[in-house]
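All I have is the shape, not the residue letters:
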């Protein structure tokens, strides 16, 4: 496979994964904001959207990084690693465990949350900054990454106490 095809497939995977995950989160916010209806028939399809979105995003991120690696430098590598961990752990690990164990989520899952959530937040912000600085992608993409990190805080913080029970 040549580099151009790899980058195109990575871009498609990233776009499709982001779309799936966004749709899944939006539908969760609409139908079950407190994640209290684990026995409902829509629980598995919504989690499937989020998990498959995370898997596709994890597959697409390397192509995103490779295209701007030389311009982004060491900060770009560090931000890519944080973002990769931040996408892989919450989307693939936490939601897979939640899907199987809800409503009785094991307390040990909080170890994953304590690594994944800060990695996702810092990874989004630093990747946004390095994307703007590298100049390979439009600066609006970097701004969108930074805004998504800030919006993520607004959606996560109010729900944490209710989620912990």
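In hand now; what should we look at? All of these numbers come straight from a predicted model, not from anything done at the bench.

okay, CA-based contacts and neighbour counts for the rest of this
Will do.

per-residue pLDDT, the most centrally placed residue in the chain?
The residue lying closest to the centre of the chain (C-alpha atoms, centre = their mean) is residue 87, at 3.8 Å. Note on residue 87: pLDDT of 87.

Might you report the residue contacts of it?
Counting by C-alpha atoms under 8 Å, 6 or more residues apart in numbering, residue 87 touches 54, 57-58, 116, 120.

Hmm, residue 90 and residue 117 touching each other?
Yes: using C-alpha atoms under 8 Å, residue 117 is in contact with residue 90, at 7.1 Å.

just to revisit the earlier point, the residue nearest to the centre of the chain: helix or strand, and which one exactly?
Element membership for residue 87, per DSSP states H and E: helix 43-87.

where do the helices sit along this protein?
3-31, 43-87, 95-101, 109-134, 139-156, 160-164 (DSSP state H).

among the ones you listed, which gets the worst mean confidence?
For these, where the average pLDDT is lowest is helix 160-164, sitting at a mean of 52.

Can you give me the neighbour number for the residue nearest to residue 119 when sequence neighbours are not counted?
Distance criterion C-alpha to C-alpha, 6 or more residues apart in numbering; nearest residue to residue 119, sequence neighbours excluded, is residue 86 at 4.5 Å. Close neighbours of residue 86, defined as other C-alpha atoms under 10 Å, add up to 24.

coming back round to it: and the contacts of residue 87 as JSON lines, adding neighbour count?
Putting the contacts of residue 87 into JSON lines (neighbours: other C-alpha atoms under 10 Å) gives the following:
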{"residue": "54", "neighbour count": "27"}
{"residue": "57", "neighbour count": "27"}
{"residue": "58", "neighbour count": "23"}
{"residue": "116", "neighbour count": "23"}
{"residue": "120", "neighbour count": "24"}
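
could you dump these to JSON lines with distance to residue 145?
Converted to JSON lines, the contacts of residue 87 look like this (distance: C-alpha to C-alpha, whole Å):
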{"residue": "54", "distance to residue 145": "16"}
{"residue": "57", "distance to residue 145": "14"}
{"residue": "58", "distance to residue 145": "16"}
{"residue": "116", "distance to residue 145": "17"}
{"residue": "120", "distance to residue 145": "11"}
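
The residue nearest to residue 119: what's it in contact with?
By C-alpha under 8 Å, 6+ apart, the neighbours of residue 86 are 115-121, 123.

change it to 6 Å
116, 119-120 (C-alpha atoms under 6 Å, 6 or more residues apart in numbering).

Alright, I will stop here.
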